[in-house]
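Asks: no FASTA, just this:
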């Protein structure tokens, strides 16, 4: 049977004398009225600062004379609590009274009873711990009362009552330094009644309530994040003649992308789900496509599924072999996934040719496999944001001829001898890659989506402000790709 975990959430302010782990009382306020205002109850108990009576600090609590074994004649009672587990502890000492016959403490719990308004909603008292003192032992002792299993970590509310009992003589009992495992649950502003609570269900027990868990039945997954958004796709467009400019039409590989990142309750990345749409290719080359995850070592990936690397060698976890960083080959040949229609040379780049329905691909990069970390350890969401994804194509079946977005690093398999040749002015040591002398790129990423050019129409002819944008490093005409008056030549756009 599937376990269902329940949590209690406080819907009001937690008061300062409590922590999330324990409720304490040490009398150091020096004024019992302060504790009463915070919902403690005292009967037959006062604060003392006499040196002979103080057990710890500057103040302790002292009972009246013990002449009864009634639990309600002399006691300290906690506010409402959600009881934890472990031990209730405090220190105590009996007064030096030679006529003392017997002295002791009793520890009880009182459940909350919503139908008992006449008794302050207190249910039936149950005593679970007894400690009697040796009348000849006048030393301070530590009282340790184990929380009963019946109430430990319960979702119900309780008070704990420590009663002081005795008979004969005039001896008193001093006490101090109370620690009660659990969480404070009273509301002083509402006659010390319990705070409102909501029961929260966590079906898979991962610590994320079902209402916030996008995978309520999966303990290894909890949250999704998307780029650009859950329902939208960005566009990547490449020119494949690098290091030459070629026809500069940026329709040799046109890809839509949507990235979903799945994380667990600890915000560690479990999956990267990359959805791609193969939109168009006016290339004569057979081009491959992939992405490197910058900053993420190859051994931080458990497995890769959904990709089509062809005959390129892959490691056992699905990462391209010989790559120090996680590098995923999505496909090795565009035309192996989206076949030319037989009219012209490309797919969806000639207005006279038939329209081919885009091909959808989904590649899943699994980092944590069924809760098991890969050899390289976990990847955090902060480490794997969209900017870490370094997309590229490799031209005409030549794995070394990588073409990236401007100023992105090549992978370990790139032929760096091509840098600085043709129209390229890359200087990788200075962080400059895949740019011409006037900063023209060979690849663009338009997050909002992009209307690409028809075959043989240079992008700067179709978009009037492309050169202004690129040469300025993006400072001018950042919206160059929009369909605004005077921005584009519609006849050159597919």
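Replies: Everything's here; your move. Small disclaimer: the values here were computed from a predicted structure and weren't measured.

Asks: in a helix, residue 258, correct?
Replies: No: assigned with DSSP: H, G, I helix; E, B strand; the rest coil, residue 258 falls outside any helix and is strand.

Asks: quick check: it touching residue 235?
Replies: No: between residue 258 and residue 235 there is no contact under CB atoms under 8 Å: 10.8 Å. In short, each C-beta sits where N, CA and C put it, glycine included.

Asks: residue nearest the middle of the protein, spatially speaking?
Replies: The centroid of the chain falls nearest to residue 267 when counting by CA atoms, centre = their mean (3.1 Å).

Asks: could you measure from that residue over to residue 206?
Replies: Using CB to CB, to the nearest Å, residue 267 is found at 12 Å from residue 206.

Asks: do the same with residue 414
Replies: For residue 414, the distance to residue 206 (CB to CB) stands at 41 Å.

Asks: likewise residue 129?
Replies: 36 Å.

Asks: next: residue 63.
Replies: Separation of residue 63 from residue 206 (CB to CB) stands at 48 Å.

Asks: now do residue 159
Replies: Distance, residue 159 to residue 206, using CB to CB: 32 Å.

Asks: equivalent analysis for residue 366, please.
Replies: 18 Å.

Asks: low-confidence regions, the protein specifically.
Replies: 1-20, 96-101, 135-137, 197-199, 343-344 (pLDDT under 70).

Asks: how about the helices in it?
Replies: Ranges of helices in the chain, per DSSP state H, are 32-37, 334-337, 459-462, 466-471.

Asks: who does residue 47 bridge with?
Replies: Note on residue 47: beta-bridge partners residue 61, judged by DSSP bridges.

Asks: how long is stretch 450-458 end to end?
Replies: Terminal residues of stretch 450-458 are spaced 15 Å apart (CA to CA, to the nearest Å).

Asks: with stretch 315-331 instead?
Replies: Chord length of stretch 315-331, first to last residue, is 16 Å (CA to CA).

Asks: also stretch 123-138?
Replies: Start-to-end span of stretch 123-138 (CA to CA) is 36 Å.

Asks: how is this protein divided into domains?
Replies: Domain assignment for the chain by automatic domain parsing gives 5-201, 223-492.

Asks: the longest one: end-to-end distance?
Replies: Start and end residues of domain 223-492 are separated by 42 Å (CA to CA).

Asks: swap in stretch 244-261?
Replies: Across stretch 244-261, the terminal residues are separated by 36 Å (CA to CA).

Asks: in that stretch, which residues are buried?
Replies: Residues 246-261 are the ones in stretch 244-261 that count as buried (16 or more other CB atoms under 10 Å).

Asks: what do you get for stretch 63-72?
Replies: Neighbour-count burial for stretch 63-72 [16+ other CB under 10 Å]: 63, 65-66, 71.

Asks: neighbouring contacts of it?
Replies: Residues outside stretch 63-72 that contact it (CB atoms under 8 Å, 6 or more residues apart in numbering) are 43-46, 73-74, 103, 106, 108, 125, 127, 161, 163-175.

Asks: redo the helices of the chain as CSV? Include mean neighbour count.
Replies: Output for the helices of the chain, formatted as CSV (neighbours: other CB atoms under 10 Å):
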stretch, mean neighbour count
helix 32-37, 14
helix 334-337, 18
helix 459-462, 21
helix 466-471, 18
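
Asks: quick one: closest of the ones you listed to residue 419.
Replies: For residue 419, the closest of the helices of the chain is helix 466-471, at 18.8 Å, according to CB to CB.

Asks: mind listing residues that contact the closest one?
Replies: Applying CB under 8 Å, 6+ apart, the set of residues contacting helix 466-471 is 438-441, 459-460, 476-478, 480.

Asks: closest one of these to residue 279?
Replies: Nearest to residue 279 out of these is residue 459 (CB to CB; 15.4 Å).

Asks: which of residue 159 and residue 206 has more neighbours?
Replies: When residue 159 is set against residue 206 and neighbours are counted by other CB atoms under 10 Å, the residue ahead is residue 159, at 26 against 20.

Asks: list the contacts for the closest residue to residue 127 other than its chain neighbours?
Replies: Nearest residue to residue 127 in three dimensions, chain neighbours excluded: residue 108, at 4.3 Å (CB to CB, 6 or more residues apart in numbering). Residues in contact with residue 108, defined by CB under 8 Å, 6+ apart, are 71, 125-128, 160-161, 163.

Asks: who's residue 108 bridged to?
Replies: Under the criterion used (DSSP bridges), residue 108 bridges to residue 127, residue 161.

Asks: also residue 329?
Replies: residue 290.

Asks: so it makes contact with residue 320?
Replies: Yes: contact criterion CB under 8 Å: residue 329 and residue 320 qualify, at 5.5 Å.

Asks: shared neighbours of those two, anything?
Replies: Joint contacts of residue 329 and residue 320 (CB under 8 Å, 6+ apart) are 290, 309, 312, 314.

Asks: and the furthest pair within the buried residues of stretch 63-72?
Replies: 65 and 71 (16.6 Å).

Asks: show me where the stretch 1-150 of the chain has strands.
Replies: All strands of the stretch 1-150 of the chain, identified by DSSP state E, counting those that start in this stretch, fall at 5-10, 22-25, 41-43, 45-48, 60-63, 75-77, 81-83, 87-94, 102-111, 126-133, 141-146.

Asks: buried ones in the second one, by neighbour count?
Replies: Of the residues in strand 22-25, those buried under the neighbour-count criterion (16+ other CB under 10 Å) are 22-23, 25.
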